[in-house]
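In: What follows is a predicted protein model with its sequence.
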Amino acid sequence: MDLELRHLKTIRAIADAGSLTRAATALGLAQPALSAQLKRIERALGGALFTRGRFGVRPTALGELVLDRACVLLPAVRELQEEAVRFARAWEGMPRFRLGGTHGPLLGGLVDRLAKSHPQVAVTTRTSWSEREIAALVVEGRVDFALVGACGESPPPAADRLVWREIAVDPVFVMLGRDHPLAERREVELAELARESWTDVPGDGCFADCFAAVCARAGFTPVRVYETDTASCVHLVQVGRAVGLCRATFPPAPGVVTRPLAGAPLHWRHLVGWHPGSSAAGVAGPVVAQARAAHTEAAARSTSYTRWLADHPGFGATSPAAVG
């Protein structure tokens, strides 16, 4: 049997998991099948790669050698594949904008503006709750641009692989039902919401930790936080089951008002990213400009945000500046 890349991935998975049972689960295999595959690999390499004990498996000296080589070969092959995909995509005949984004109002605005300014160019989208997943699609050459957000000053995903430009910085607002006692306030103190349940969309950044930290500084721990899709967040606020966290550009919804939190304890940076070696790099400037214009339009549709921005000039759309 000749050694293949998939065999190196299997060896790496077993070492990472520390047991055949956990590795089989991660690889989607039955344990007997994985054990049989490992034996075939060990025969091909001339010796045992792991010693087995009551607490799992540990690599042998031969296993350490193979793992060291795998740590070099697997990333190199992955980078080769990514570069090949980017190269192939760059020479496709039909020009297009392939956009990836997390769920929010800016992606739709950017699609609309690109479609209007370049009617001859196809625009396609991919969405995910995961900023890291969207960034990975750009790294792999499957998406041209990523439109994502980062909490506070946290770095964007794949900062060492992609070029990022900041589009805007928004405060995080609170969504309240129109009948909520604080709905008529121009801004709300976070501590006044200490007894509320909260709702928010999921994500894989640090926002949940940042929210918990600002609540602790305000003297309370959230009663509960419902992580769900945007429509369900709005519904929970409408029926008075929770108050919501949202970006300041969140579009108006029936029965819901958005209000700034006093002191803007949380803020959100909107970012556009692309791979510097891709064909997308040549048109990144216009895409960044259109994304910034889409943000300006979204901000103008929010009366509460427009009013708030007049007194807080450090927020809103920003000038182009690399952050990664």
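Out: Received, thanks. Numbers count the residues shown, from 1 in each chain.
In: Model confidence at the closest residue in space to Pro251 that isn't next to it in sequence, what's the number?
Out: The shortest distance from Pro251 to any residue that is not its chain neighbour, by C-beta to C-beta, 6 or more residues apart in numbering, is 5.5 Å, and that residue is Pro105. No exception for glycine: its C-beta is placed from N, CA and C like everyone else's. Pro105 carries a pLDDT value of 75.
In: you'd agree Pro105 is up against Ala298?
Out: Yes: under the contact definition of C-beta atoms under 8 Å, Pro105 touches Ala298, with a separation of 4.9 Å.
In: any common contacting residues for these two?
Out: Residues touching both Pro105 and Ala298 (C-beta atoms under 8 Å, 6 or more residues apart in numbering) are Thr249, Pro251.
In: per-residue pLDDT, the one residue sitting closest to the centre of the chain?
Out: For the chain, the residue sitting closest to the mean C-alpha position, by C-alpha atoms, centre = their mean, is Glu131 at 0.9 Å. On pLDDT, Glu131 comes in at 92.
In: what are the ranges of the helices in the stretch 101-250 of the chain?
Out: Remark: helices of the stretch 101-250 of the chain, listed N- to C-terminal, are 105-117, 131-139, 207-217, 230-238; assignment by DSSP state H, counting those that start in this stretch.
In: how about these in TSV, adding distance to Gly255?
Out: As requested, the helices of the stretch 101-250 of the chain are exported to TSV (distance: least, C-beta to C-beta, whole Å):
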stretch	distance to Gly255
helix 105-117	18
helix 131-139	30
helix 207-217	24
helix 230-238	4
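In: thinking again about what came up before, if I pick the residue nearest to the centre of the chain, what's in contact with it?
Out: Contact analysis of Glu131 by C-beta under 8 Å, 6+ apart lists Thr102, Ala146, Val148, Gly149, Ala150, Pro156, Pro157, Gly203, Asp204, Gly205.
In: Could you turn the buried ones of those into a ChimeraX selection?
Out: Buried subset of the contacts of Glu131, written as a ChimeraX selection, criterion 16 or more other C-beta atoms under 10 Å:
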select :102,146,148,149,150,156,157,203,205
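In: Next, format the contacts of Glu131 as TSV and append pLDDT and distance to Ala280.
Out: Converted to TSV, those look like this (pLDDT from 0 to 100; distance: C-beta to C-beta, whole Å):
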residue	pLDDT	distance to Ala280
Thr102	87	18
Ala146	96	10
Val148	94	15
Gly149	90	20
Ala150	90	20
Pro156	92	16
Pro157	92	17
Gly203	86	24
Asp204	85	23
Gly205	83	23
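In: re the thing from before, and the gap between the residue nearest to the centre of the chain and Ala300?
Out: As for Glu131, its distance to Ala300 is 26 Å (criterion: C-beta to C-beta, to the nearest Å).
In: buried ones in the helix or strand harbouring Ala298?
Out: Take DSSP states H and E as the rule and Ala298 turns out to sit in helix 284-300. Judged by neighbour count using 16+ other C-beta under 10 Å, the buried positions of helix 284-300 are Ala284, Val287, Val288, Ala289, Gln290, Ala291, Arg292, Ala293, Ala294, His295, Ala298, Ala299.
In: just stretch 271-288 next, same as before
Out: When burial is assessed from 16+ other C-beta under 10 Å, stretch 271-288 yields the following buried residues: Leu271, Val272, Gly273, Trp274, His275, Ser278, Ser279, Ala280, Val283, Ala284, Val287, Val288.
In: Excluding covalently adjacent residues, which one is nearest to the last one?
Out: If I follow you right, that is Val288. Nearest to Val288 is Arg165, by C-beta to C-beta, 6+ apart, at 4.9 Å.
In: Now do the one you found: how many residues are near it, please.
Out: Using other C-beta atoms under 10 Å, Arg165 has 24 other residues around it.
In: Since that was my last question, I'll sign off now.
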